[in-house]
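1. please work out how this folds:
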Amino acid sequence: MTMKGWIQFIIAMATAGIMVSCDFAQAINPSSAEGVAESFSKEYFNLRYRNAAKYCTKDSEPWLRFATSQISNEDIEILKTATDEAEIEIEKVEGGDNESTVTVTVSNYFETDTIGKCGHFTSRGTFRLKLVKENNAWKVRMANLPRNEKQNPV
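-> The predicted model follows:
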């Protein structure tokens with residue numbers, strides 16, 4: 001092969017590599033509304049609130065602190081028996097360029113109860129998360145704690 005042939009071959013391979021890597025990056029893009037909602041949900045519903053804060057707007061942080069304050073010592077004992085993490089499935093993404101609503105189904109998650117009562121594991125719940133663009137990045141905006149839209153039996 002001539003030098004010109006090698007250069008054309010290298011350019012073709014580099015171009016193909018860039019195209020494949022861009023498609024791959026887009027498929028697992030954690031900066032998309034869907035990707036942020038999934039990452040937030042994995043952290044939030046597995047009670048890793050400090051990690052969940054990375055995916056929230058600054059004005060959402062008080063809600064995460066509130067959620068943390070609702071975990072009792074009895075809840076911690078129950079959580080120690082957990083063998084699996086909560087599972088997350090993105091059902092629907094609605095919205096536009098700067099605001100989105102993502103519907104998330106969560107399975108096997110821990111749900112705190114009212115004051116004086118222990119929390120419990122819930123088999124399945126559906127949650128709607130509001131996301132906004134903040135400094136060109138998608139973030140979850142919490143106006144309250146995520147609430148199960150479809151109450152299912154424990």
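2. report the strands that pair with the longest strand seen in the chain, each with its relative direction.
-> Secondary structure of the chain read by DSSP state E shows that its longest strand is strand 120-134. Sheet pairing here is set by DSSP bridges, and for strand 120-134 it gives strand 99-111 (antiparallel), strand 137-140 (antiparallel).
3. closest to Glu43 out of the ones you listed?
-> Nearest to Glu43 among the strands paired with strand 120-134 is strand 137-140; the distance by C-beta to C-beta comes to 10.3 Å. Bear in mind the C-beta positions are built from the backbone N, C-alpha and C, glycine included.
4. which residues sit against the closest one?
-> 31-33, 35-37, 40, 55-57, 60, 100, 129-133 (C-beta atoms under 8 Å, 6 or more residues apart in numbering).
5. which of these are buried, as a PyMOL select command?
-> The buried residues among these can be selected in PyMOL (16 or more other C-beta atoms under 10 Å) with this line:
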select buried, resi 32+33+35+36+37+40+55+56+60+100+129+130+131
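6. quick one: low-confidence parts of the protein?
-> Flagging of the chain using pLDDT under 70 yields the residue ranges 1-30, 151-154.
7. what about the helices in it?
-> Secondary structure of the chain (DSSP state H): helices at 3-27, 33-44, 49-52, 61-69, 73-79.
8. quick one, what contacts Leu47?
-> Ile71, Leu79, Phe110.
9. quick check on it: phi, psi?
-> Phi and psi for Leu47, reported as degrees, to the nearest 10, are phi 60, psi 30.
10. for Asp113, same thing?
-> The phi/psi pair for Asp113 (degrees, to the nearest 10) is phi -110, psi -170.
11. that one against Thr122, yeah?
-> No. Asp113 lies out of contact with Thr122 (C-beta atoms under 8 Å); the separation is 10.7 Å.
12. who has more neighbours out of these two?
-> The neighbour comparison of Asp113 against Thr122 (other C-beta atoms under 10 Å) goes to Thr122, with 19 against 13.
13. let me know whether the more buried one touches Asn148 as I believe.
-> Yes. Applying C-beta under 8 Å, one finds Thr122 in contact with Asn148, separated by 7.5 Å.
14. who touches both of these two?
-> With C-beta under 8 Å, 6+ apart as the test, Thr122 and Asn148 both reach Glu111.
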